[in-house]
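[1] need a structure here:
(one chain, ligands or ions: 1)
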Amino acid sequence: MSDSKNPIPSELAGTDTVDRRNHNAKLDALETHRSDATGQALTTNQGVRIADNQNTLKPASRGPSLLEDFIMREKITHFDHERIPERIVHARGAAAHGMFQSYGDHSWLTKASFLAAEGKETPVFVRFSTVQGSRGSADTVRDVRGFATKFYTDEGNFDLVGNNIPVFFIQDAIKFPDFVHAVKPEPHNEIPQAQSAHDSFWDFVSLVPESAHMVLWAMSDRGIPRSYRSMEGFGVHTFRLINAEGVSRFVKFHWKPLAGAYSLVWDETLKLAGKDPDFNRRDLWESIEMGDYFEWELGVQVVEEADEHSFDFDLLDATKIIPEELVPVQKLGKMTLNRNPDNFFAETEQVAFHIGHIVPGIDFTNDPLLQGRLFSYTDTQLLRLGGPNFHEIPINRPVAPVHNNQRDAFHRQTINRGRANYEPNSVDNGWPKETPPAASGGGFESYPERIEGHKIRDRSPSFGDHFSQATLFWNSMSAPEKEHIIGAYTFELGKVERIFIRERQVNQILANIDLELAARVAKNLGLTPPTAPTVEKKPLSLESSPALSLVNHLPGGIKSRKVAILIADGVDAAAVQAFQKKLEAEGAMAKLIGPSPAPVTAADGQVLMVDAPFDGMPSVVFDGVFIPGGVASVQTLGEMGDALHYVLEAYKHLKPIAALGDAQRLVASLRLQTDEGLIGGADGDVGPVFDSFAKALAQHRIWAREPLAKAIPA
Ligand code: HDE
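    Residues are numbered from 1 along each chain as shown. This is a model prediction of the structure:
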């Protein structure tokens, strides 16, 4: 039986995890659509019980199949129609349910009810995605990540359809199809999949200098996040928030991850794409199942209407940020993702986000990219979800009531009663009726912005500076981050067949961002380094913005970090368990990795279950490695190429490695240069070794090791 707090029947509770029982108003509403076949008869779609699901109907056991077989025909026909078009961009994604909680009453800023009271909770559904790849592409490719949030507010749905990079490639929506065609696999052979490292992408972006800033972000570590939990999110465009008095302010939306922001290293992304193409979605799924929830704070940068023109860029230009040092981010509330979907297709695939889904108190600006998106998202759902009733698909339904005269069309679910399907009417006493705008609970009212002008196709001169903020981003990077950017441009341009495209990108784009960047990439590609920019550079109003560098976004602890413990028969079980316990006490997690999936017998006779063999959970899926002592165990590991490769690879990827007792000899045999992330101690030293290991792990990577790591053959 269901109880009021827990919509999952108690007879099923034992087979479900704690996390899947988290619920909210939206999840409870979805309950009427969920179906569970446990204990139920197999039927046709018409509810007829099926006696034989193994054989088609035939006139004789070796005879031809009969057309009459309605059971087979229904099954095959449904199967034939099971695919819908994948999203033209952001096809690859994963999603989760959760809750947003307002930190306070923000009604000075907006009349949106979900921000109007401290502690107010609003259900959310969030979908993360890559942009360029197909539905089946790898998670860890270099790309922008989508970060789309549907708030099921009591005043209707608000969709914040953002990315993990705060700017965009183009300024005007009319260029979007060109951009997407250029970045997607090339038209003649559909190669490469989910990668920008090819001629048509670099051809386009080298001809379109407004892309320079965003391309730089994509070539930075921001383009290869380690986890969805460790990404910042951005609304990108400037929006308006409007309060009950009608005062409008400009805002930029931010999601600040409580886990901190950190990324993969490039070699790791390449390997993960093959060894665990589901790396990010698996992490999201498994973490939520374990009760280790993903959390962000929602923040806004607020600009008074009167200050619209007080920046050296245009607030309507989506290729620009407002540096956080100029306008700090004010936190409005916290989002926790705490429940996985029950069904990928029904929820994650069918969710329909739209930047035009807003509620009273929120409004658009004239950003020409935003304006184009307002058209595109409905249009794309019409195709993708097969008609104008996509709002009735359970995951898309608001928790707020829906009543209007939009009727009929394919797959209509609602049975509208009454005789009037028009307004005004008198036959149904005029219902449903308009609601005048009000301080709260009122009808939607657009901000009455004054507009004057000539109808022209033009780009404002205030959109003309394409390089200053790219230079600011470059200046704000740490030394390792700069090296990664140089490496990324080198890799990508190295895949470009046409030398003139490589040259154009270096001479006409990179040289205008920074001459050192241009020279280093030129040298790597064997090109002549440019000696001067091709545009006149404006003096920067801000030399550097610390908020842009990931090194300033670490959380300070090791919560949610994953550590591999390498074991074989004869391992020191006490050390394994002590280390494991210490990790768990800090919210981190350990997995036991052995020579094969078979359990391992420790030196003291204990049997330890192995979570995976070396190739089952390779070092790339972990943040650090621990090798406990035990003569026989260390002997076995030392003779296994896979085990040695495991350690070398973790070292190469700048991860902390701790070794106890005999395991120190194994590490020493690899002749790795000692650093703060290579930690050793006697068998009894679990405490101090763990402390040093945790300190190194909290830094995410041992950046000082990077120049040496290049020499590691792993
Ligand atoms: Fe999108 N974008 N976009 N986009 N976008 C889509 O809508 C589009 C842009 C973003 O998880 C599509 O339902 C145009 C910026 C996300 O379901 C489509 C333009 C930003 C998602 C579309 C942009 C985004 C999409 C494809 C330029 C960050 C995935 C499927 C004017 C602020 C949502 C769909 C999900 C998806 C159009 C630019 C974010 C075709 C025309 C800028 C996160 O409608």
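
[2] domain parsing of the protein, as residue ranges.
    Structural domains annotated on the chain: 43-82, 93-396, 477-538+546-552, 562-709, as defined by automatic domain parsing.

[3] of those domains, which is nearest the ligand?
    domain 93-396 (2.8 Å; Cβ to the nearest ligand atom). No exception for glycine: its C-beta is placed from N, CA and C like everyone else's.

[4] so is that closest one next to the ligand?
    Yes. Counting by Cβ under 6 Å from any ligand atom, contacts between domain 93-396 and the ligand involve 93, 127, 129, 146, 148, 161-163, 168, 173, 176, 236, 318, 353, 369, 372-373, 376-377, 380.

[5] partner residues bridging the most centrally placed residue in the chain?
    Here the mean C-alpha position of the chain is nearest to the C-alpha of Phe128 (Cα atoms, centre = their mean), at a distance of 3.7 Å. Beta bridges link Phe128 to Ala94, Phe147, judged by DSSP bridges.

[6] so it touches Asn280, yeah?
    Yes. Under the criterion of Cβ atoms under 8 Å, Phe128 makes contact with Asn280 at 7.1 Å.

[7] which residues do those two both contact?
    Applying Cβ atoms under 8 Å, 6 or more residues apart in numbering, one finds that Phe128 and Asn280 are jointly contacted by 94, 228.

[8] hmm, back to that, what would the domains of the chain look like in TSV with mean pLDDT?
    Below are these laid out as TSV (pLDDT from 0 to 100):
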stretch	mean pLDDT
domain 43-82	97
domain 93-396	98
domain 477-538+546-552	97
domain 562-709	97
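
[9] export these to JSON lines and append columns for distance to His454.
    Below are the domains of the chain laid out as JSON lines (distance: least, Cβ to Cβ, whole Å):
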{"stretch": "domain 43-82", "distance to His454": "50"}
{"stretch": "domain 93-396", "distance to His454": "15"}
{"stretch": "domain 477-538+546-552", "distance to His454": "28"}
{"stretch": "domain 562-709", "distance to His454": "53"}
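
[10] between the ones you listed, which one is closest to Asn24.
    Of all the domains of the chain, the one in closest proximity to Asn24, counting by Cβ to Cβ, is domain 93-396 (4.0 Å).

[11] end-to-end on that closest one?
    17 Å (Cα to Cα, to the nearest Å).

[12] and if you look at stretch 488-499?
    17 Å.

[13] pull out the buried positions in that stretch.
    Residues of stretch 488-499 classed as buried by neighbour count (16 or more other Cβ atoms under 10 Å): 488-490, 492-493, 495-496.

[14] and stretch 432-441, by the same measure?
    Buried, per 16+ other Cβ under 10 Å, within stretch 432-441: nothing.

[15] outside of it, which residues touch it?
    111, 113, 116, 155, 244, 360, 403-405, 423, 442-445.

[16] how about JSON lines for these, with secondary structure and neighbour count added?
    Below are these laid out as JSON lines (DSSP: H, G, I helix; E, B strand; the rest coil; neighbours: other Cβ atoms under 10 Å):
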{"residue": "Lys111", "secondary structure": "coil", "neighbour count": "26"}
{"residue": "Ser113", "secondary structure": "helix", "neighbour count": "21"}
{"residue": "Ala116", "secondary structure": "coil", "neighbour count": "19"}
{"residue": "Glu155", "secondary structure": "coil", "neighbour count": "25"}
{"residue": "Ala244", "secondary structure": "coil", "neighbour count": "17"}
{"residue": "Pro360", "secondary structure": "coil", "neighbour count": "25"}
{"residue": "His403", "secondary structure": "coil", "neighbour count": "11"}
{"residue": "Asn404", "secondary structure": "coil", "neighbour count": "9"}
{"residue": "Asn405", "secondary structure": "coil", "neighbour count": "12"}
{"residue": "Glu423", "secondary structure": "coil", "neighbour count": "13"}
{"residue": "Gly442", "secondary structure": "coil", "neighbour count": "15"}
{"residue": "Gly443", "secondary structure": "coil", "neighbour count": "12"}
{"residue": "Phe444", "secondary structure": "coil", "neighbour count": "14"}
{"residue": "Glu445", "secondary structure": "coil", "neighbour count": "15"}
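
[17] which of the residues of domain 93-396 next to the ligand fall in strands?
    Among the residues of domain 93-396 next to the ligand, the members found in strands (DSSP state E) are 93, 127, 129, 146, 148, 161-163.

[18] what's near enough to touch the nearest residue to Pro341 once chain neighbours are set aside?
    Leaving aside its sequence neighbours, Pro341 sits nearest to Glu347 (Cβ to Cβ, 6 or more residues apart in numbering; 3.8 Å). By Cβ under 8 Å, 6+ apart, Glu347 lies in contact with 95, 125, 341, 394-395.

[19] tell me the phi and psi of the residue nearest to Ile627 when sequence neighbours are not counted?
    Spatially, and ignoring its direct neighbours in sequence, Ile627 is nearest to Ala663 (3.8 Å; Cβ to Cβ, 6+ apart). Ala663 has phi and psi values of phi -60, psi -20 when expressed as degrees, to the nearest 10.

[20] what is the neighbour count of Ala663?
    Around Ala663 there are 28 other residues, counting by other Cβ atoms under 10 Å.
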